[in-house]
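**Student:** I need the structure of the sequence given here:
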Amino acid sequence: MTENEPQEFQPPPPPEKIEESPTPQMSEIGTVTSIFIEPGKTIEDLNRKPRFIIAGFLSILCIMIFQVAFIQKVGFEKIARARIEANKGMADMPKEQKEAIIAQQTGPVAKYIGYAVVPVFMVIFFVVGGLLYWLGAMALGGRSTFGRGLAVWIYSGWPPALLFLISNLLVLFLKDPSEIEIGTNQQGLVQAGPAMLVSAKAQPVLHALLSALDLFQIIGWVLAAIGLQKVAKLKAGSAWTIVILIALIGVSLRVVSALIFG
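**Tutor:** Next up is the predicted model:
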């Protein structure tokens, strides 16, 4: 082709297709309620837009309500005394020193700090859990973000938290304070698993191991496995691997705590 010959017309390349991020179909209030009825559909909507503030706040509120009700029922001083007496490291401590520690832990400042610790601990617990789910999904070939991992962690714990609150409040109001083992029951009066057959005071390590097989926790595991499959595009086996490994870490920490503190 010479310089004077007209060049053949070349159509311009088509514009690049820009994928729009799908918009969520549920409000955040809707996801908080629908997780009980349609967990798969709810997680899919959270995958479109991760949300976790309201569910996280409600989970913290459930634990706070139980803690306040428990303290009002039993008494702050009795709880502090039971903790000290159950601590193996303080078994040989002189009585006067124990009483001084109890007086310090039952003062007004200590009470406010005790109430404030719960939400702070829960927020840290959420962040660490969301980070573990995100990193676990990425390690096993999934595609996710920290926000989605955090949403799965919080939403998988929200239904168990509400069930925990309802069942424990019922038992707390019906049970006489003298029948409550303060040192072991502050974490929950209802044992929905084989741990109920073992005394946490007499066999703390075995109780810590069996507490992993709790109905509330199993519900959370199922929801977490569904969530990881939806948001990280993982197979069921990979999702369950992440959930079980993280659960084993939690059980190990409980066992170590039981060995050290009883």
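**Student:** rest of the way, CA atoms for contacts and neighbours
**Tutor:** Fine.
**Student:** tally of neighbours for A225?
**Tutor:** 23 (other C-alpha atoms under 10 Å).
**Student:** same question, T42
**Tutor:** Around T42 there are 23 residues (other C-alpha under 10 Å).
**Student:** which ones are touching it?
**Tutor:** By C-alpha atoms under 8 Å, 6 or more residues apart in numbering, the contact list for T42 reads 31, 34-35.
**Student:** what's the closest of these to I242?
**Tutor:** Among the contacts of T42, I35 lies closest to I242 (C-alpha to C-alpha), at 20.7 Å.
**Student:** Quick check: that closest one touching I154?
**Tutor:** No - between I35 and I154 there is no contact, the gap being 11.2 Å when judged by C-alpha atoms under 8 Å.
**Student:** of these two, who's got more company?
**Tutor:** I154 (26 against 18).
**Student:** Just the ones of the contacts of T42 in helices?
**Tutor:** With DSSP state H as the criterion, helices contain 31, 34 from among the contacts of T42.
**Student:** Give me the residue ranges of this protein where confidence is low.
**Tutor:** Flagging of the chain using pLDDT under 70 yields the residue ranges 1-22, 84-93, 95, 98, 102, 105-107, 110, 181-187, 199-201, 261-262.
**Student:** And the contacts of T42, which is closest to P177?
**Tutor:** P177 has its nearest neighbour among these in I35, at 34.8 Å by C-alpha to C-alpha.
**Student:** Can you tell me the closest non-neighbouring residue to the closest one?
**Tutor:** T42 (5.7 Å; C-alpha to C-alpha, 6 or more residues apart in numbering).
**Student:** where's the one you found, which helix or strand?
**Tutor:** helix 39-48 (DSSP states H and E).
**Student:** do the same with L135
**Tutor:** helix 108-139.
**Student:** For that helix, list every residue counted as buried.
**Tutor:** By 16 or more other C-alpha atoms under 10 Å, the buried positions in helix 108-139 come out as 119, 122, 126-127, 129-137.
**Student:** In the strand or helix carrying Q72, which residues are buried?
**Tutor:** Using DSSP H and E, Q72 sits within helix 53-74. For helix 53-74, burial by neighbour count (16+ other C-alpha under 10 Å) applies to 54-56, 58-64, 66-67, 69-70, 74.
**Student:** Then stretch 152-162?
**Tutor:** Buried, per 16+ other C-alpha under 10 Å, within stretch 152-162: 152-162.
**Student:** Among these, which lie within helices?
**Tutor:** If you go by DSSP H, the buried residues of stretch 152-162 have 152-162 in helices.
**Student:** Give the helix, strand or coil label for P24.
**Tutor:** When classified by DSSP: H, G, I helix; E, B strand; the rest coil, P24 comes out as coil.
**Student:** That one: neighbour count?
**Tutor:** 15.
**Student:** Provide a list of residues in contact with it.
**Tutor:** Per C-alpha under 8 Å, 6+ apart, neighbours of P24: 45-46, 48-49.
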